[in-house]
Structure formats: structure tokens, C-alpha cells
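[1] Sequence plus the predicted model coming up.
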Amino acid sequence: MLTRTSLSAGERRRVSALHQILSRPGLIRGSLVEMGRTCGGKGCRCRRSATLRHRALYVAVNVEGKRRMLYVPQEWEDRVRQWVDRYGQVRDVLEQLSLACIRRLQARKE
């Protein structure tokens with residue numbers, strides 16, 4: 001049986017990092033997508049050229065097995081970026097912990 005004290009210093013640091021990351025609110029498994037859109041204003045520049053469209057941020061996620069593009073309002077952009085980044089951090093730390101366990105299994109050590 002593995003206990004925290006039987007982990008290497010590196011594994012203990014990773015477990016601690018994982019706890020710190022998960023102690024903060026917000027986590028999204030998705031990708032940020034920046035797209036241009038037209039606003040509908042008759043005289044707006046966005047109607048004249050595709051390169052002059054308004055910037056819009058979306059987060060691409062899977063919801064109940066279906067791919068969705070959720071619009072991110074400008075006032076939510078920093079928050080949503082943090083949530084997506086946080087998920088990436090969790091994924092990276094979990095991958096490192098998994099590799100450490102695989103090595104332990106290969107060496108047949110507890």
C-alpha cells in the first residue's frame with residue numbers, strides 16, 4: 001500500500017501541486033477559439049470585409065457527448081482563460097504522476 005511518505009520527493013511535490021491547483025475554483029476541459037463575426041450594423045466595417053470582423057472568443061467543449069461552441073463574453077475572458085489553463089495544469093500533473101506509477105510498476109516497487 002502506497003502512503004504519502006513512501007512517495008518520492010518529486011511525487012510529493014506533484015501531489016501537492018495538484019491539491020493547490022484544485023483548491024482554486026473553476027476548471028474547463030476545452031479549447032479557446034477566436035473567431036471573427038459580423039455585428040449586424042448596416043454601416044459597420046465588419047460588413048465590408050472578412051478581415052475587419054469583430055473578434056469573438058468561444059470555448060469549444062463536449063457537453064453530454066456533443067461538441068459545443070460556447071460564446072465567452074469579454075468580461076468573462078480572463079476567468080475562462082484561467083479555467084481552461086487550470087485544466088491543462090491538472091492534466092500535466094496527472095500525466096507526470098501516472099508516469100511515476102508506471103515506472104514503479106515496471107520496477108515492481110511500492
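    Perfect, thanks for sending it.

[2] so where does residue 58 fall, helix or strand?
    Secondary structure from DSSP states H and E places residue 58 in strand 54-63.

[3] what about the helix or strand following that strand, average pLDDT?
    Counting by DSSP H and E, the next helix or strand C-terminal to strand 54-63 is strand 66-72. Averaging pLDDT along strand 66-72 yields 96.

[4] Quick check: can you name the pairing partners of strand 66-72 and their directions?
    strand 54-63 (antiparallel) (DSSP bridges).

[5] Now do the same contact list for the spatially closest residue to residue 68 that is not a sequence neighbour.
    Distances taken as CB to CB, 6 or more residues apart in numbering put residue 61 closest to residue 68, at 5.5 Å, once the chain neighbours are dropped. Just so you know, the C-beta spots here come from the backbone N, C-alpha and C atoms, and that holds for glycine as well. Shown in contact with residue 61 (CB atoms under 8 Å, 6 or more residues apart in numbering): 28-30, 67-68, 70.
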